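Asks: build me a model:
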Amino acid sequence: PYPMLMLMALVETGTRAVMGAVFGPDTVSELDYARQLFPLLTPDMLVLADRAFDADTFLDALAETQAQFLIRIRISRRPPVVAVLPDGSFLTVIEGRTLRVVRATVAARLADGTAVADTWCLITTLTCHRTDPAGQLLALYHERWEIETAFLALRHTLCGRPVLRSGDPDGISQEMWAHLTVYQLLRTVMADAAVTAATDPDRAGFTTALHAARLSVAAADGITCTTLDDPITTAVQAAVLPPRRPRLSMRKVKSPTSRYGTTAGQGNRPRASTTITGTTITVHTPEQPTLPPLPEAIPDSVPDLQATASPALLLALAVIHAYPDQSWRGRDLARNLGINGQKALNTFGVALNTAAKRGHIHKTAPGTYTATPP
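Replies: Sure thing, here's the model as predicted:
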């Protein structure tokens, strides 16, 4: 029943420190909020993001910041294959920019004997397979989940409740920035404590640091001490977490108002967190289609179209009719014609579908056409 607040943050892996954040009403899209964080990106950064950020225009704008990115895209997408690399990944062109795609199946064996597999499709500006092998990129993308623990600490551990107290926009803004400031201060002390103890920042407990900070405020303890002997640092170093173990569980949204479980589409993922005993990664090498050269002229076998037909559509029909016994996928024809960009691909696909409805070509499968009637 309450207005929802959307928070978009740029978080550093390892320390999970917030490098920047924007927030506002949930009527604004995630992509619009994420674009507001672009000024914080620098060429020495690698941005990790999930499937909500795979829009072509967003990827192009992100690449314009000169920062590298490694983003998971929807498995249903079929980027055009420009060149296949030795490690099984391939180069593609999106919005006129050369990118690299890695498609692989990640299979995990669990301690209870269950086998779980999922297919990932990653797109990145790291186009060299020698310096950045496909297996290394897949392992690196797994670190993206650390931002989820940062949001967990912000929303639940630090706030203690999902409802903010303020009742007006200015108060909400002040309260949210206060939470972010306290969170960032705690993460800074935790990172310093980890460096002093010569351990990984992942092993510093946020809950431990928060409890120590609250006790220090209540008892006015450690006000004049140095950074190395303050109560928070001492508490964090005394309660270092064990090394992180690989584990897997079902992804679900906890809704207190729903009586039904959210297990659809989860396969055989375990409900509880289960230790992973082994992982196998299989990179899928795409088949690069061999496309014939474009005809110099439209043959007479192509039916007459309206004068409004685009040259790209006429050439595509010419290719289809020049090889009547072959089925053609729309995205392969688009690549051969130099059509890039999601909007242009969608327009080209609609044009092919319209030509099929008018009987100029025949549709044999989704996005697949031929000159010979099936």
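Asks: show the contacting residues for Thr188.
Replies: Counting by CB atoms under 8 Å, 6 or more residues apart in numbering, Thr188 touches Ala17. Yep, even glycine has a C-beta here, placed from its N, CA and C like the rest.
Asks: pLDDT wise, what is it at?
Replies: What the model reports for Thr188 is a pLDDT of 93.
Asks: helix/strand/coil for Leu91?
Replies: strand (DSSP: H, G, I helix; E, B strand; the rest coil).
Asks: tell me what it is bridged to.
Replies: Under DSSP bridges, the beta-bridge partners of Leu91 are Ala83, Arg100.
Asks: show the pLDDT at it.
Replies: Leu91 is assigned a predicted lDDT (pLDDT) of 92.
Asks: how many residues are close by it?
Replies: Leu91 has 17 neighbours, counted by other CB atoms under 10 Å.
Asks: so it sits against Arg97, correct?
Replies: No. Counting by CB atoms under 8 Å, Leu91 sits too far from Arg97 to count as a contact (10.8 Å).
Asks: shouldn't Val22 be within a strand?
Replies: Yes. Per three-state DSSP, Val22 lies within a strand segment.
Asks: name all residues that make contact with it.
Replies: So Val22 contacts 7-8, 33, 36-37 (CB under 8 Å, 6+ apart).
Asks: Val217: which element?
Replies: helix 206-219 (DSSP states H and E).
Asks: oh, that last question was meant for Glu148, not what I typed.
Replies: Using DSSP H and E, Glu148 maps to helix 146-152.
Asks: and that helix, what's buried?
Replies: Using 16 or more other CB atoms under 10 Å as the test for burial, helix 146-152 gives 146-147, 150.
Asks: what mean pLDDT does it have?
Replies: pLDDT averaged over helix 146-152 gives 90.
Asks: please compute how far that helix lies from its chain's middle.
Replies: Computed by CA atoms, centre = their mean, to the nearest Å, the chain-centroid distance of helix 146-152 equals 15 Å.
Asks: which helices and strands does it pack with?
Replies: strand 5-11 (3 or more CB pairs under 8 Å, 6 or more residues apart in numbering; DSSP states H and E).
Asks: cutoff 10 Å now
Replies: Counting contacts by 3 or more CB pairs under 10 Å, 6 or more residues apart in numbering; DSSP states H and E, helix 146-152 packs against strand 5-11, strand 46-49, helix 206-219.
Asks: C-terminal to the helix holding Val217, what's the next element?
Replies: helix 231-238.
Asks: residues contacting the residue nearest the centre of the chain?
Replies: In the chain, the residue lying closest to the centroid (CA atoms, centre = their mean) is Asp50, at 1.7 Å. Residues near Asp50 by CB atoms under 10 Å, 6 or more residues apart in numbering: 71-73, 141, 144-145, 147-148.
Asks: go through the helix with the most length in the chain and flag the buried ones.
Replies: When the chain is parsed with DSSP state H, its longest helix is helix 169-196. For helix 169-196, the neighbour count (16+ other CB under 10 Å) marks 172, 176, 179-180, 183, 186-187, 189-194 as buried.
Asks: same question for stretch 27-41.
Replies: 33-35, 37-38, 41.
Asks: now do that stretch, average pLDDT.
Replies: The pLDDT scores in stretch 27-41 average 96.
Asks: list the contacts of it.
Replies: With CB under 10 Å, 6+ apart as the test, stretch 27-41 has contacts from 3-4, 6-10, 19-24, 26, 47, 49, 52-55, 57-58, 61-62, 64-69.
Asks: try it again with 7 Å
Replies: 6, 8, 10, 19-20, 22, 47, 52-53, 55, 58, 61, 65, 67 (CB atoms under 7 Å, 6 or more residues apart in numbering).
Asks: distance to His284 and pLDDT added to these, as CSV?
Replies: Shown next, in CSV, are the contacts of stretch 27-41 (distance: CB to CB, whole Å; pLDDT from 0 to 100):
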residue, distance to His284, pLDDT
Met6, 35, 92
Met8, 32, 95
Leu10, 31, 97
Met19, 34, 95
Gly20, 36, 96
Val22, 37, 97
Val47, 24, 97
Ala52, 23, 90
Phe53, 22, 94
Ala55, 23, 91
Phe58, 25, 95
Ala61, 28, 95
Thr65, 30, 96
Ala67, 27, 97
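Asks: just the buried ones from these, in PyMOL syntax?
Replies: Typed into PyMOL, the line below selects the buried ones among these, using 16+ other CB under 10 Å:
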select buried, resi 8+10+22+47+53+58+65+67
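Asks: picking up where we left off before, kindly reformat the helices and strands packed on helix 146-152 as JSON lines containing distance to Thr199.
Replies: Shown next, in JSON lines, are the helices and strands packed on helix 146-152 (distance: least, CB to CB, whole Å):
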{"stretch": "strand 5-11", "distance to Thr199": "20"}
{"stretch": "strand 46-49", "distance to Thr199": "23"}
{"stretch": "helix 206-219", "distance to Thr199": "13"}
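Asks: buried deepest among those, which one?
Replies: Highest mean neighbour count among these (mean count of other CB atoms under 10 Å): strand 46-49, with a mean of 20.
Asks: distance between that one and the chain's centre?
Replies: 8 Å.
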